[in-house]
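Visitor: Sequence isn't available, so here's the structure alone:
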């Protein structure tokens, strides 16, 4: 088996690398689960209130996809892998089956509960890696910032009704995570033109 220097360094700092990888895989699966659930949910939202929530969900959906995209390389850097079949616990998919009709007042608490779960999980990962594994810490801190924003969007939407959340206006997709995205395609950036 090939030597994994990143894993050795993490273990040398006092972190149980196996447990860290398990937590990162759990979060990656939750992020892809959220992306899947949001994709289905957005198709069921109707009316003015549904349209306003759909715009918020679309951005949270894209950010959760980006979170998955940046977690995967770190999992592999630490000698981990992803399950061959999607499933498991965490994320919106684990919280509730997709409703036949998406009633915004019923959906918002589910979205908020998922955002709160993510904030707790990433806060735990930050505490676990702070001062020990700088690369993972910086990565999960960036994701934490965006998950807190999701929580605020849903809280403001819940409190304000039809209007978009105040903190939602004029915000770029994944402002904290974009530096960690590995390809221009994933980051939504233009591919640089190279001379022929």
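Guide: Done, it's in. Since this is a predicted model, take the numbers as computed values, not measurements. Residues are numbered from 1 along each chain as shown.

Visitor: Next secondary structure after the helix or strand hosting residue 11?
Guide: Assigned by DSSP states H and E, residue 11 belongs to helix 5-12. Where DSSP H and E defines the elements, the next helix or strand beyond helix 5-12 is helix 17-44.

Visitor: what angle sits between that next one and helix 5-12?
Guide: When axes from the mean of the first three to the mean of the last three CA atoms, to 10 degrees is applied, the directions of helix 17-44 and helix 5-12 differ by 110 degrees.

Visitor: For helix 17-44, list every residue counted as buried.
Guide: Across helix 17-44, burial judged by 16 or more other CB atoms under 10 Å covers 17, 20-21, 23-38, 41-42. Every C-beta, even on glycine, is put in place using the N, C-alpha and C of the backbone.

Visitor: same check, this time on stretch 171-183
Guide: 173-174, 176-178, 180-181.

Visitor: What is the nearest of these to residue 133?
Guide: Of all the buried residues of stretch 171-183, residue 133 sits closest to residue 180, with 14.5 Å by CB to CB.

Visitor: Any chance of the backbone angles for the closest one?
Guide: Per-residue torsions, residue 180: phi -90, psi -10 (degrees, to the nearest 10).

Visitor: list the contacts for it?
Guide: 70, 138-139, 142 (CB atoms under 8 Å, 6 or more residues apart in numbering).

Visitor: how far is the top helix by length along the chain from where the chain is centred?
Guide: Longest helix of the chain, by residue count under DSSP state H: helix 47-77. The chain centroid and the centroid of helix 47-77 are separated by 6 Å under CA atoms, centre = their mean, to the nearest Å.

Visitor: and that helix with helix 17-44, angle?
Guide: Put simply, helix 47-77 runs at 160 degrees to helix 17-44, going by the same axes, to 10 degrees.

Visitor: dump the residue contacts of residue 25.
Guide: Taking CB under 8 Å, 6+ apart, one finds 75, 80, 82-83 in contact with residue 25.
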